[in-house]
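Undergrad: Provided below are the primary sequence and the corresponding predicted coordinates.
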Amino acid sequence: MTEALTHNTAAISGDTTAVPASPETGATPESNVPESAVQLSAGDVEAAVHAIADRSRHAGRRMARANRAWKDRGLRAIGAALLERKSLILAANAKDIAAGKANGTSVALLDRLTLTESRIAGLVTALDSLANLPDPVGNVVRGQTLPNGLRLRQVNVPMGVVAAIYEARPNVTVDIAGLALKSGNAVILRGGSAAAATNEALVHVLREALDSVGLPSDAVQTVDQYGREGATALMRARGRVDVLIPRGGRELIQTVVNNSAVPVIETGEGNVHIFIDESASEEMAVEILLNAKTQRPSVCNTVETLLIHSRSTVLPAVAAALRDAGVTLHADDRIRASLPSSIPSEPATDEDWGTEYMDLDLAVAMVDSLDEAVQHIRTWSTGHTEAILTNDLSNAERFIAEVDSAAVIVNASTRFTDGGELGLGAEVGISTQKLHARGPMGLTELTTTKWIVQGEGQVRG
């Protein structure tokens, strides 16, 4: 989880309401965060956010008409600009990191906040991957010719204006902007105070890059300069904003879900499980558990609970490997009784089964059957990702059929629940809801559909 948030509105970050003197006309990158700002009333902030949304609507109409080649030029221009301006971006990021450390920000959140040369290179690679993907706009979902001669097509079309509220994740600024642009949308970003300097630099670079290839710079805008009140106004901009996507900790997500008048696609925290059945090999179990827990502990597809069948023999090797990697085990009584004395552990509580640690901590329980493992997952899962390690085909098939999460994995690391890893180029977030989008959200998930009906004078009888 992210750092504790004291009350609901603070979950969308507690900066002051600093804005430009003339927000309605600020269409250049330089106007996003002014050197000198004034305080505005809530009503003035709402008007300013509405003006941003109206400019986004206009930019979105232009993006909807852009062909694939034009949009791909924009994506590649953004990638080139990120590399060219990386010293500016990294300097801004260093300011945010220093402020985060001074404010006692958690290690997990600092990791998410940090940009490095390699992470910027990864963002550029993701943009290039997006450019290489087919354009979802215009894709025919289904079609037919009716007996009366009417020709029907249901096709993918852009959402229009997509907004995102997130915290301490500057990579999301680029990922969401890239996905929105490729799918023909305009995007409004609220990245939070923890990454304020980094997001200011990134939005500036993105807008300049779009302008350089003739795409509307207003296709990427931010309301960060309006602080908490700006986020609130964004949530209430129904009719101006088509969809809102929150990405972050539980408190932020629930604040948006509970307070937004704009339709929300709910992303969720990842209380992720791996079940090792009695047939799983020791070598595979050790390798997958280490990857799923230690490769990058602060992200939502990291395993948080390990369930081991009571007849499995892999526990000593798995526990030793996790101990050597610095993982703290929060184990139930049966696991603690089965562990070698050389491997320390802490007693697990119900709180552990429900915790998304995002750190080098792992809850571990022993179960006597696949049914018991599935029941534990049903009780504690957030519906994100669950995995089974097994050499029994029937167990794998039952696990797939009975576990109701956005991603179900057999004999592989949970770290693969990721838009880039699954060939989507990038992701807006991982949806744990069941309406419209579920799992990693890529290009298609940022489109809706419309029906095209073509006739030759038919009338309804």
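TA: Cool, got the structure. Here the structure is a predicted model, which is why all the values come from computation and not from measurement.
Undergrad: Report how many residues lie close to residue 312.
TA: 20 (other C-beta atoms under 10 Å). Bear in mind the C-beta positions are built from the backbone N, C-alpha and C, glycine included.
Undergrad: Surely it is within a strand?
TA: No: using DSSP: H, G, I helix; E, B strand; the rest coil, the secondary structure at residue 312 is coil, not a strand.
Undergrad: Tell me which stretches of the stretch 301-450 of the chain form strands.
TA: All strands of the stretch 301-450 of the chain, identified by DSSP state E, counting those that start in this stretch, fall at 303-309, 328-331, 346-347, 361-367, 385-389, 407-410, 430-431, 439-440, 447-454.
Undergrad: where are the low-confidence patches of the stretch 1-150 of the chain?
TA: 1-38 (pLDDT under 70).
Undergrad: now with 80?
TA: For the stretch 1-150 of the chain, applying pLDDT under 80 flags the ranges 1-39, 42, 108.
Undergrad: Break down it into its helices, ranges please.
TA: Per DSSP state H, counting those that start in this stretch, the stretch 1-150 of the chain carries helices over the ranges 42-65, 68-84, 86-102, 107-113, 117-132.
Undergrad: mind checking the backbone torsions on residue 242?
TA: Torsion angles at residue 242 (phi, psi; degrees, to the nearest 10) stand at phi -80, psi -40.
Undergrad: neighbours around it, how many?
TA: Around residue 242 there are 22 residues (other C-beta under 10 Å).
Undergrad: residue contacts, it?
TA: 159, 160, 161, 162, 262, 263 (C-beta atoms under 8 Å, 6 or more residues apart in numbering).
Undergrad: Relative to residue 51, which of the strands of the stretch 301-450 of the chain is closest?
TA: strand 447-454 (24.8 Å; C-beta to C-beta).
Undergrad: For that closest one, name the packing helices and strands.
TA: Counting contacts by 3 or more C-beta pairs under 8 Å, 6 or more residues apart in numbering; DSSP states H and E, strand 447-454 packs against strand 151-158.
Undergrad: got the angle for the strand it packs on vs helix 42-65?
TA: If you take axes from the mean of the first three to the mean of the last three C-alpha atoms, to 10 degrees, strand 151-158 sits at 130 degrees to helix 42-65.
Undergrad: So what touches the following helix or strand past strand 151-158?
TA: Per DSSP states H and E, the first helix or strand lying C-terminal to strand 151-158 is strand 161-166. The contact list for strand 161-166, computed with C-beta under 8 Å, 6+ apart, reads 12, 53, 56-57, 60, 172, 176, 180, 185-192, 231, 234-235, 237, 240-248, 252, 256, 262, 428, 446.
Undergrad: now swap in stretch 361-374 and tell me
TA: Contacts for stretch 361-374 (C-beta under 8 Å, 6+ apart): 275, 277, 293, 303-310, 319, 322, 327-332, 334-335, 338, 345, 348, 352-353, 355, 376, 388, 395, 398-399, 402-403.
Undergrad: For it, buried residues please.
TA: Residues 361, 362, 363, 364, 365, 366, 367, 370, 372, 373, 374 are the ones in stretch 361-374 that count as buried (16 or more other C-beta atoms under 10 Å).
Undergrad: which residue lies farthest from the center of the chain?
TA: residue 461 (48.8 Å; C-alpha atoms, centre = their mean).
Undergrad: Return the distance of it relative to residue 148.
TA: 9 Å (C-beta to C-beta, to the nearest Å).
Undergrad: From the buried residues of stretch 361-374, pick the one nearest residue 417.
TA: residue 362 (17.4 Å).
Undergrad: separation between the closest one and residue 332?
TA: Counting by C-beta to C-beta - residue 362 and residue 332 are separated by 12 Å.
Undergrad: How about residue 372?
TA: 12 Å.
Undergrad: Also residue 402?
TA: Taken as C-beta to C-beta, the span from residue 402 to residue 332 is 22 Å.
Undergrad: Who has more neighbours out of these two?
TA: residue 332 (18 against 15).
Undergrad: re the thing from before, quick check on the contacts of stretch 361-374: which are buried?
TA: Buried among the contacts of stretch 361-374 by 16+ other C-beta under 10 Å: 275, 277, 293, 303-309, 319, 322, 327, 329-332, 335, 345, 348, 352-353, 355, 376, 388, 395, 398-399, 403.
Undergrad: tally of neighbours for residue 146?
TA: Residue 146: 11 neighbours (other C-beta under 10 Å).
Undergrad: show me the residues around it that make contact.
TA: Here residue 146 is in contact with residue 152 (C-beta under 8 Å, 6+ apart).
Undergrad: Can you list phi and psi of the nearest residue to residue 196 once chain neighbours are set aside for me?
TA: Distance criterion C-beta to C-beta, 6 or more residues apart in numbering; nearest residue to residue 196, sequence neighbours excluded, is residue 224 at 6.1 Å. Per-residue torsions, residue 224: phi -60, psi -30 (degrees, to the nearest 10).
Undergrad: if I look at residue 182, how far off is residue 132?
TA: Taking C-beta to C-beta, one finds residue 182 at 10 Å from residue 132.
Undergrad: Those two - which one has more neighbours?
TA: Set side by side, residue 182 and residue 132 show more neighbours around residue 182, with 28 against 10, by other C-beta under 10 Å.
Undergrad: okay, that one: pLDDT?
TA: Residue 182 carries a pLDDT score of 97 in this model.
Undergrad: Look up how far residue 224 lies from it.
TA: 23 Å.
Undergrad: Equivalent analysis for residue 378, please.
TA: 39 Å.
Undergrad: Neighbour count for the two, which is higher?
TA: residue 224 (24 against 14).
Undergrad: one step back: what's the per-residue pLDDT of the residue farthest from the centre of the chain here?
TA: Model confidence at residue 461 (pLDDT) stands at 86.
Undergrad: where does the stretch 201-350 of the chain dip in pLDDT?
TA: Ranges of the stretch 201-350 of the chain meeting pLDDT under 80: 249-250, 268-269.
Undergrad: all helices for it, in order.
TA: 227-235, 250-259, 282-294, 315-324, 333-338, 350-353.
Undergrad: Please give the number of neighbouring residues around the closest residue to residue 296 other than its chain neighbours.
TA: Take residue 296 and drop its neighbours on the chain: the residue closest to it by C-beta to C-beta, 6+ apart is residue 302, 6.8 Å away. Neighbour count for residue 302, taken as other C-beta under 10 Å: 26.
Undergrad: Could you do residue 244 as well?
TA: Neighbours of residue 244 using other C-beta under 10 Å come to 25.
Undergrad: Surely it and residue 261 touch.
TA: No: using C-beta atoms under 8 Å as the test, residue 244 is too far from residue 261 to be in contact (9.2 Å).
Undergrad: overlap in contacts of these two?
TA: residue 235.
Undergrad: Could you dump the helices of the stretch 1-150 of the chain into JSON lines and include distance to residue 297?
TA: Output for the helices of the stretch 1-150 of the chain, formatted as JSON lines (distance: least, C-beta to C-beta, whole Å):
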{"stretch": "helix 42-65", "distance to residue 297": "36"}
{"stretch": "helix 68-84", "distance to residue 297": "26"}
{"stretch": "helix 86-102", "distance to residue 297": "17"}
{"stretch": "helix 107-113", "distance to residue 297": "7"}
{"stretch": "helix 117-132", "distance to residue 297": "16"}
